[in-house]
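**Q** what's the 3D shape of this:
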Amino acid sequence: MKKTIAGIAALTIALSAFAGCTDKKNDKSTGGSAEAVTTAAQQDTTVEKTTAQDTTAAEKTTASPDDPSASAEEYEKVLREFIDAYNNEDYKKTFELTMPDGAEKVMKLLASSETMQNEYGGISDEEMIKESQESLFLGKKDGTLVPGGIKKTEPLTEEETFELRSEIAMITLCLDYIDSHGGTEGVDAEAMLNEIMDYDLEAAAAEVELDESYYITFGLENEKWDWSGDGNAIVYRVRGGSWKISANDLIGTLSGGKDKRLNTAADSLYKAANTVLIELDEEGHIKNDSDEFIVSSDSSKDFNVPADFDADLFRSRIKNYCDYEGDWFVKMQGAYALETAVFDSEKPHNVGTYPPSDYVDFAYEGMSYDEIYNKACEDIG
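**A** You can find the predicted model right below:
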């Protein structure tokens, strides 16, 4: 049962990966200006005014004439469908456009599993899909995003390719398991997750059938915000399926500023922390699941850490899943991360949090990193 719960938690994190963002560095920069937007990949893009049109995102099909990919029309259509779904807060559609074909079958199995019904009080596959997409819409502001044409298409770097494969791996393992058992009717969700948790996920990532993948840069604007700039996304095909989109860099672009990049880093840290806590729990390192505590990149800021919790091991493992190099802390309870904060040392009041500071009922708006840390400690007591 415990391994099944860990499997569900790990798979939920994997399913959220495309809606959240990572903070990996790369050099896909398109220039900069005083009004430049910093994406999740820490890149500044030149602000260029695009022309808004009275059509939906899916109806706009202008493509760059020198796009190197013969598949440009197909993945540009997916991009525009995704932005339409984002504008309409259509959770089911964004899930369909970001996940490998067949992922909804995995959600139905998870929702029907004995563990989900008994341990979590029951949940539908629709609710699970919505939950997996919620981070995509955190802090979403009014106004309609309007995409322009694709300006640049680049192949993924080796690191980006492996990262994409890693995000897909648990889902494709589930789909392979379902296929090998003749469809969902012949699958026991508990047995599937128990088997998958025994896999070497790094080896599984290397075996993902990634057919094509590109990093694209495209025009993007929102008239209500009086904002325009460049958006970024990864488009890919896997297992011979249809084109999909990884929204990581796109969402990093939307707020148009460095604060969003830091919120992106905090989101990445949150996912990494939960992955590490799942590992530690599976290995028997977590004994106390009642007390809230804080582990920080600066060990002197660790707070209320249980005597039997190895904070140094946690810090070491975090580096396997999140390469943010600034200061950070994670507030957690047992095997679950509750909140995260990251700090840009060059600007003491520039801080990112997960949940974002402007999220409903989240009380850190306008606070510095130290103020947020002190408030988190105060709340623990």
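
**Q** would you list every one of the strands in the stretch 251-381 of the chain?
**A** For the stretch 251-381 of the chain, the strands defined by DSSP state E, counting those that start in this stretch occupy 292-296, 327-333, 336-343, 351-354.

**Q** report the angle between the axes of the longest one and strand 327-333?
**A** Between strand 336-343 and strand 327-333, the angle comes out at 160 degrees (axes from the mean of the first three to the mean of the last three Cα atoms, to 10 degrees).

**Q** neighbours around Thr115, how many?
**A** Neighbourhood size, Thr115 [other Cβ atoms under 10 Å]: 18. C-betas here are computed from N, CA, C, even on glycine.

**Q** what sits against the closest residue to Ala337 other than its chain neighbours?
**A** Closest residue in space to Ala337, ignoring its immediate chain neighbours: Ala273 at 3.9 Å, by Cβ to Cβ, 6 or more residues apart in numbering. Residues in contact with Ala273 (Cβ atoms under 8 Å, 6 or more residues apart in numbering) are 314, 318, 330, 332, 337, 340.

**Q** need the contact list for the second one.
**A** Looking back up the chat, that one is Ile318. For Ile318, the contact set (Cβ under 8 Å, 6+ apart) comprises 269, 272-273, 276.

**Q** please repeat the previous calculation with a cut-off of 10 Å.
**A** 269, 272-273, 275-276, 295, 297, 324, 328, 330 (Cβ atoms under 10 Å, 6 or more residues apart in numbering).

**Q** okay, now Thr172: neighbour count?
**A** 23.

**Q** packing partners for the helix or strand containing Glu190?
**A** In this assignment (DSSP states H and E), Glu190 forms part of helix 189-196. The contact analysis (3 or more Cβ pairs under 10 Å, 6 or more residues apart in numbering; DSSP states H and E) places helix 189-196 against helix 2-16, helix 103-112, helix 114-119, helix 158-180.

**Q** centre of the chain to stretch 192-203, how far?
**A** 21 Å (Cα atoms, centre = their mean, to the nearest Å).

**Q** which of the three states applies to Ile245?
**A** strand (DSSP: H, G, I helix; E, B strand; the rest coil).

**Q** do the same with Gly148
**A** Applying three-state DSSP: Gly148 is strand.

**Q** relative to strand 336-343, how tilted is the helix ranked longest in the chain?
**A** Ordering each helix of the chain by length in residues (DSSP state H) puts helix 258-282 first. Helix 258-282 runs at 140 degrees relative to strand 336-343, counting by the same axes, to 10 degrees.

**Q** give the buried residues for helix 258-282.
**A** 258-282 (16 or more other Cβ atoms under 10 Å).
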